[in-house]
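Asks: okay, predicted coordinates and the sequence, questions at the end:
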Amino acid sequence: MFAQYIDSTKVKMQQAVDFVTAELSKIRTGRANPDMLNKISVNFYDSEFPINQLANISVLDAITLSIQPFDKSSMATIEKAIRNSDLGLNPSNNGSSIIIPFPPLSMERRQEFVKIASKQVEEGRVSIRNIRRDIIQVVKKIDTEEKLPEDEVKRFMDDVQSLTDEFITKLNDIFSIKEKEIIEK
């Protein structure tokens, strides 16, 4: 009877994990990563666009990104948006593309990024716990209306808790990997 609730809970929890993973990919590490630019929007022709809709972003080497705008007239606005972002990058324009070198991070800056990642993972954990709370409330409401068998309800609660533990473990593993990635030089 509770299979559909378990399945929908699993889907929602996976979405929370996917969201946190996407957010963590935007945090700067010591390596060049095009995903970091996803949060930067560029004002072009009085509209806001993500950089990846205005240009091709590629990795030249471990510490350099290249941005080749589809429309050369957008180059100055893309460069300005990157410079004004909170990433601390200094792009240079060579006429046909924008080159972004990634300077090495100081240990203090790395620790700041670990704190940001930790905060995002904690928000993911809270989201997963909220999903658990919501599904338990739904089942308790059904239980009071229909007087479900106690052992079925108990088994469902145990299943939801084990799902919650599984997804929180996934988030902890993702955080460990990201932390290691940020701290390594």
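Replies: Everything's here; your move.

Asks: Y45: how many residues sit nearby?
Replies: The number of residues packed near Y45 is 9, by other CB atoms under 10 Å. For the C-beta atoms, the positions are set from N, CA and C on the backbone; glycine is no exception.

Asks: tell me how far it lies from G88.
Replies: Between Y45 and G88 the computed distance is 28 Å (CB to CB, to the nearest Å).

Asks: show me the shaky parts of the chain.
Replies: By pLDDT under 70, the weakly predicted segments of the chain are 1, 30, 185.

Asks: distance of V59 from S74?
Replies: Note on V59: its distance to S74, by CB to CB, is 21 Å.

Asks: what does V139 give?
Replies: 52 Å.

Asks: domains of the chain?
Replies: The chain breaks down into these domains under automatic domain parsing: 3-25+106-183, 34-101.

Asks: which helix or strand lies directly C-terminal to the longest helix that the chain contains?
Replies: The longest helix of the chain (DSSP state H) is helix 107-146. Once the chain leaves helix 107-146, the next helix or strand it forms, by DSSP states H and E, is helix 150-183.

Asks: quick check: buried residues in that next one?
Replies: 153, 156-157, 159-160, 163-164, 167-168, 170-171, 174-175, 178-179, 181-182 (16 or more other CB atoms under 10 Å).
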